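# Predicted structure and sequence below. I'll ask about it afterward.
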There are 2 protein chains.
Amino acid sequence: LTCGHCNSGGAIFGREVAALAIVPTVPSNGGLPGTDPVLAPPGEECVYLVGNSLGLQPSQTKELVSEELDKWAKWGVNGHFTGDRPWMPIDENVIEQSAAIVGAENTEVAIMNSLTVNLHLLFVSFYRPSGKRNKIMYEASAFGSDYFAFESQARLHGLDPAEVLLPLKARPGEELLRTEDIVEAIQAAGDSLAVTCFGTVQYYTGQYFDVQPITSAAHAVGAHAIWDCAHAVGNIDLKLHLWEVDGACWCNYKYLNAGPGAIGGFFVHKKHHDKGLPVLAGWWGQKQSVRFNMDHKWDPEVDAGAWRLSNPPVLQTVSLLASLEIFARTSMTELRGRSMLLTAYLELLISDLVGKHLSVITPTCPSARGCQLSLKFNEETSCLATFAALEKRGIVVDHRKPNVIRVAPAPLYNSFRDVFKFCTALREGLNEVEKLEVAQPAAKRIKV
Amino acid sequence: LTCGHCNSGGAIFGREVAALAIVPTVPSNGGLPGTDPVLAPPGEECVYLVGNSLGLQPSQTKELVSEELDKWAKWGVNGHFTGDRPWMPIDENVIEQSAAIVGAENTEVAIMNSLTVNLHLLFVSFYRPSGKRNKIMYEASAFGSDYFAFESQARLHGLDPAEVLLPLKARPGEELLRTEDIVEAIQAAGDSLAVTCFGTVQYYTGQYFDVQPITSAAHAVGAHAIWDCAHAVGNIDLKLHLWEVDGACWCNYKYLNAGPGAIGGFFVHKKHHDKGLPVLAGWWGQKQSVRFNMDHKWDPEVDAGAWRLSNPPVLQTVSLLASLEIFARTSMTELRGRSMLLTAYLELLISDLVGKHLSVITPTCPSARGCQLSLKFNEETSCLATFAALEKRGIVVDHRKPNVIRVAPAPLYNSFRDVFKFCTALREGLNEVEKLEVAQPAAKRIKV
Ligand SMILES: Cc1ncc(COP(=O)(O)O)c(C=O)c1O
Ligand SMILES: Cc1ncc(COP(=O)(O)O)c(C=O)c1O
């Protein structure tokens, strides 16, 4: 197994991760919509391969959330300053481990808000169009929310999105953007480029962009590189500091398992700290020592904390903490090694289906993807029918319009057995769909 | 009891509120810092008068939060679309009652983010300096976070805060801003004024500004009026729609009892909907029908929902819901009536202390204040010593630098008995402090 993209051999397939004592809670088939009790016994655990959308609940979450509710009931407002995890600085409990996961120094991370809010905060600091330098480069198939952020940021500066947005498309007939094409486009944009912003792992294709060369290319033309790490955090082994990424944001509800609508993550590289970059300021961005003075003298923290606006949401913060405590028992390097094996196993088990029923649009090089494989079906109808057949069998994956099923063996909690079960069910599902297709000619299958 | 400010007679003192079946959880003395077990028996409930900082926990909160955690464990990602309160539109559960509390139409409210973030979002839409019209008018003693928002918004537009910020001070020797002075200042600023932003109830003095005349005056000169309702929501009977307020934001952790770092509230008047105002856009601002299309075509909701950015934080949302369900059993009109009585009672019971030990800086007219009275002590040392003496007796109030104690009988849950107990403890505390002062001359009391 040697790869043309990165020249790595089998060594990238790491060891099995150390036994994780605190495992997430896996839903039973019985609770899920669309399951068939014969094919998926109600009392058995489902096969959950959708950590790319919402990760599973750590077994400690309920306890930690309850603890904070109990403090509130017991102490009222005094909880802000009392006990093991006083609320006032409660985010300090989630900084160190978050930083370890994204490869940052502790001072480079803030845990706050939600992803799209944080993306805007980064744009306020790093997108400062002036004169000719006003362009934003991004993937033509960027996640919708990111695109809307780019567009509205352009408008905020009185600029016409049609003029300043630079979407990059894959070459005709290709699904993936090539690093060399991105770098070339950056060079071509030159001093008209203000910011590049890519999804570190592309939500649809699963492509893991080459962060470092793209970031360097942006810097070489005097632009800033912002990365949306929604699908990368807890999935790949990020080195945001080392790669000199200017700013990054992420959500914690996917591979980070902090629950629906979880608190967001935020990174600003050390080199930009305490430099007076424009921010949307709030009292929480001030140094703790002066935060309650109520003076009208802006005296910000000298690190990423300066970007904070409001007092931290307590339940959201401990919900993340419950998950980070599991990650603290391992490392992203270890998890990434395990993940590469898991995904390679998935790839292997479906290799004979490729071409016939579906194609895998995710890169084949393990270094150019995270854990997710995106299966593209030849037809939308067979994609939807296969999705339903998987659902019946207690396999939870997700469908993205029009004809893609995303399968994501989460590095932290999915097993080789999960992958095996998925592949078995996929085979059964495809057979079922095929029979249906033989029985009902295409014209009648519209409403599958 | 007739008042020179508003000409109302006793009629403003409403009836007792209907019995509230679900009452918040009151901390016991034993759990609180600084209590003396002799003066405040550990097993007894404290007197909690600090709902202006963090409201008490509704008895249903834990149950509702648990329910969502259970759904997550049981359904995983399917919780977004399954059950009674699917997560995808979970904020719909808190809109109607929030709107009722602030006097808005349902379409005018979004529940999201945190206060300071929402204040910035309002500024993005309503502060659009152009030419001469670039000034922001606010109280010189505005809450720090609001001031930082004003300043950073000015900077965002490349403007010098020193030139565009217009802080209003009370007249020399006075603590409170007079409505006529504010209106006059607005008229004087004329077409240089872009936005006015005041704290509806001032956090320090407890002054309730005359929202309608100030808003009208702003409109008359072509400016927008934004209101920070942090200390007003759940306290006074807001009529944001009727008063034609342009935009408002609030936090839900004070009188709204949604917990530490609770989700924020946001209001944009109907007249501004669907008018293409600039926003910081995100996918969640799109119409639900197209939100998951991932097209790069901005197709926003036609109401305040257009300002949303991210998928909603589930635990935070139900934590607010638990509280709103209590408010739904009454109305702000009813609560405000009760509150006026409570605060008048407080005022009465301390009237003989005024002048001697302290003054009340909050307006005496019930229509010009919310529930809070701010007690200003003659000296910082006696203020701090009195605060400690109250703490010993299981009275929870808060201290604001240098010499103010804020006492806030929350409209929803405080009783006349709470007020009575506070006043008894205050008297005892002042006696204790007086004895101390006689025993130790001022020079030695620095470290009280
Ligand atoms: C009047 C006022 N404005 C703004 C804030 C800031 O709130 P947040 O930290 O929720 O942004 C507060 C917080 O207490 C406040 O009282
Ligand atoms: C790549 C990417 N960017 C942005 C978002 C938007 O996230 P949020 O709703 O938390 O702002 C998502 C959500 O799934 C995402 O996958």
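Ah, there it is. Ligands and ions are numbered 1, 2, ... in the order given.
# helices or strands next to the top helix by length along chain A in the packing?
Once chain A is assigned using DSSP state H, the helix that runs over the most residues is helix A:416-439. Packing partners of helix A:416-439 (3 or more Cβ pairs under 8 Å, 6 or more residues apart in numbering or on different chains; DSSP states H and E): strand A:47-48, helix A:332-349, helix A:380-392, strand A:395-396. Where C-beta positions appear, they are placed from N, C-alpha and C, glycine not excepted.
# The first one - contacts with which helices or strands?
Helices and strands in packing contact with strand A:47-48 are listed as strand A:395-396, helix A:416-439; criterion 3+ Cβ pairs under 8 Å, 6+ apart.
# Show me which positions of the longest helix of chain A end up buried.
Across helix A:416-439, burial judged by 16 or more other Cβ atoms under 10 Å in any protein chain shown covers A:418-419, A:421-423, A:425-426, A:428-430, A:432-433, A:437.
# So which residues make contact with it?
A:47-49, A:341-342, A:345-346, A:349-350, A:353, A:357, A:382, A:385-386, A:389-390, A:392-395, A:397, A:407, A:409, A:445, A:448 (Cβ atoms under 8 Å, 6 or more residues apart in numbering or on different chains).
# Give me the angle between it and helix A:380-392.
130 degrees (axes from the mean of the first three to the mean of the last three Cα atoms, to 10 degrees).
# the inter-axis angle of helix A:416-439 versus helix A:332-349?
Using the same axes, to 10 degrees: helix A:416-439 against helix A:332-349 is 30 degrees.
# how about helix A:416-439 as CSV, C-alpha atoms only?
What follows is helix A:416-439, C-alpha atoms only, in CSV (Å, rounded to 0.1, in the frame of the first residue of the first chain):
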residue,chain,number,x,y,z
PHE,A,416,-13.9,-2.4,12.3
ARG,A,417,-17.0,-4.4,13.0
ASP,A,418,-19.2,-1.3,12.3
VAL,A,419,-17.5,-1.0,9.0
PHE,A,420,-18.0,-4.6,8.2
LYS,A,421,-21.7,-4.5,9.1
PHE,A,422,-22.2,-1.4,7.0
CYS,A,423,-20.6,-3.1,4.0
THR,A,424,-22.8,-6.2,4.5
ALA,A,425,-25.9,-4.1,4.7
LEU,A,426,-24.8,-2.1,1.7
ARG,A,427,-24.5,-5.2,-0.4
GLU,A,428,-27.9,-6.5,0.8
GLY,A,429,-29.4,-3.1,0.1
LEU,A,430,-28.0,-2.9,-3.4
ASN,A,431,-29.4,-6.3,-4.2
GLU,A,432,-32.8,-5.3,-2.9
VAL,A,433,-32.7,-2.1,-5.0
GLU,A,434,-31.6,-4.1,-8.0
LYS,A,435,-34.4,-6.5,-7.7
LEU,A,436,-36.8,-3.6,-7.4
GLU,A,437,-35.3,-2.0,-10.5
VAL,A,438,-35.7,-5.2,-12.5
ALA,A,439,-39.3,-5.5,-11.3
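# And stretch A:93-100, what's buried?
A:93, A:94, A:95, A:97, A:98, A:99, A:100.
# Stretch A:209-218 too?
A:209, A:210, A:211, A:214, A:215, A:217, A:218.
# pretty sure the second one is in contact with residue A:178, am I right?
No. With contact defined as Cβ atoms under 8 Å, residue A:210 does not count as touching residue A:178 (9.5 Å).
# Show me what the helix or strand where residue A:319 lies is packed against.
Per DSSP states H and E, residue A:319 falls inside helix A:314-327. Secondary-structure packing of helix A:314-327 (3+ Cβ pairs under 8 Å, 6+ apart): strand A:57-58, helix A:61-75, helix A:92-102, helix B:314-327.
# Figure out how far the last one is from the centre of its chain.
Looking back up the chat, that one is helix B:314-327. Chain-centre distance of helix B:314-327: 17 Å, with Cα atoms, centre = their mean, to the nearest Å.
# can that helix be found next to ligand 2?
No. Counting by Cβ under 6 Å from any ligand atom, ligand 2 has no neighbours in helix B:314-327; the shortest distance is 12.1 Å.
# mind showing which ranges of the stretch 151-300 of chain A have poor pLDDT?
In the prediction, the stretch 151-300 of chain A carries no residues with pLDDT under 70.
# and it, which residues reach ligand 1?
Near ligand 1, when you scan the stretch 151-300 of chain A using Cβ under 6 Å from any ligand atom, you find A:282, A:284.
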